[in-house]
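Peer 1: 3D model of this:
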Amino acid sequence: MEPINEAHVVEPGPAVVEIAACDDQTAFTVQELLATRWATAAADRTTRDPGQPGVRLRCYLDVRQTPGS
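Peer 2: Prediction:
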């Protein structure tokens, strides 16, 4: 995964969330659940570490904003 960029966490509210899951469907379901609560910059793909089980997904959310605001 890419390093966390300082611009993503420059002030209180924004958060970088990395999801580790057994499969793509689970990772995207968790991301969707987060998006129902906070404004989220959603990821469109997961990554796999060679030789490791499962997938990872990184998304960005802002706990100061709710969806649609």
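Peer 1: C-alpha from now on. contacts and neighbour counts both.
Peer 2: OK.
Peer 1: For Arg56, give its distance to Gln65.
Peer 2: Taken as Cα to Cα, to the nearest Å, the spacing of Arg56 relative to Gln65 amounts to 25 Å.
Peer 1: cool, Val55 as well?
Peer 2: For Val55 relative to Gln65 (Cα to Cα), the value is 28 Å.
Peer 1: Who has more neighbours out of these two?
Peer 2: Ranked by neighbour count (other Cα atoms under 10 Å), Val55 and Gln65 place Val55 first, with 19 against 14.
Peer 1: The more buried one: what's its closest spatial neighbour, skipping adjacent residues?
Peer 2: Computed as Cα to Cα, 6 or more residues apart in numbering, the closest residue to Val55 that is not its neighbour in sequence is Arg48, at 4.9 Å.
Peer 1: Thought Arg56 was touching the one you found, still the case?
Peer 2: Yes - when contacts are counted by Cα atoms under 8 Å, Arg48 is listed as touching Arg56 (6.4 Å).
Peer 1: ok, the two, which is more surrounded?
Peer 2: Higher neighbour count among Arg48 and Arg56: Arg56, with 20 against 15, using other Cα under 10 Å.
Peer 1: just for the protein, where's the confidence low?
Peer 2: For the chain, the stretches flagged by pLDDT under 70 are 1-2, 8-9, 67-69.
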